[in-house]
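**Q** Provided below for reference: sequence and predicted model.
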Amino acid sequence: MPPRAEAPPAPDLAQVFFALGDATRLRLVALMCAGGAFSITQLTASTDISRQAVTKHLQVLASAGLVHDLRSGRERLWQFDARQVEEARRSLELIGRQWDQALASLKHFVEDGPG
């Protein structure tokens, strides 16, 4: 088996996938992707989710590096940070390329036989 040209995904990406694996957090990220900074009040508007629940979800997203908070006077605003999503996308592309190579090798083996 030839050596791999690229390193495997960083272990901390597991936090990104975990954070995005929850429907509520995914909705929050989608909302914040519109741009700008959002208050808890804005993020809970038109939902039945409590401010405390949204705050806990934002803390999970922040631990994964997907959002960060800003202070504006007494208010705490939350903003999306796309860097970790971009890193996750690159890791998934790498995995996809590795699968493509493995499947091409398998196809070659099945069609042409070993050696």
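**A** Yep, it's here. Numbering: from 1, shown residues only.
**Q** Can you say which helix or strand has residue 101 in it?
**A** helix 83-112 (DSSP states H and E).
**Q** Against which helices or strands is that helix packed?
**A** Counting contacts by 3 or more Cβ pairs under 8 Å, 6 or more residues apart in numbering; DSSP states H and E, helix 83-112 packs against helix 13-20. Backbone N, C-alpha and C define where each C-beta goes, glycine included.
**Q** Give me the contact list for the helix it packs on.
**A** 25-26, 29, 60-61, 63-66, 84-85, 87-88, 91 (Cβ atoms under 8 Å, 6 or more residues apart in numbering).
**Q** Buried among the residues you listed? Make that a PyMOL selection.
**A** Typed into PyMOL, the line below selects the buried ones among the contacts of helix 13-20, using 16 or more other Cβ atoms under 10 Å:
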select buried, resi 25+29+60+61+64+65+66+84+85+87+88+91
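**Q** Make JSON lines out of the contacts of helix 13-20 and add pLDDT and distance to residue 36.
**A** What follows is the contacts of helix 13-20, written out as JSON lines (pLDDT from 0 to 100; distance: Cβ to Cβ, whole Å):
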{"residue": "25", "pLDDT": "95", "distance to residue 36": "18"}
{"residue": "26", "pLDDT": "93", "distance to residue 36": "19"}
{"residue": "29", "pLDDT": "94", "distance to residue 36": "14"}
{"residue": "60", "pLDDT": "96", "distance to residue 36": "21"}
{"residue": "61", "pLDDT": "96", "distance to residue 36": "16"}
{"residue": "63", "pLDDT": "94", "distance to residue 36": "22"}
{"residue": "64", "pLDDT": "94", "distance to residue 36": "20"}
{"residue": "65", "pLDDT": "93", "distance to residue 36": "19"}
{"residue": "66", "pLDDT": "94", "distance to residue 36": "16"}
{"residue": "84", "pLDDT": "88", "distance to residue 36": "19"}
{"residue": "85", "pLDDT": "88", "distance to residue 36": "17"}
{"residue": "87", "pLDDT": "88", "distance to residue 36": "23"}
{"residue": "88", "pLDDT": "87", "distance to residue 36": "22"}
{"residue": "91", "pLDDT": "87", "distance to residue 36": "28"}
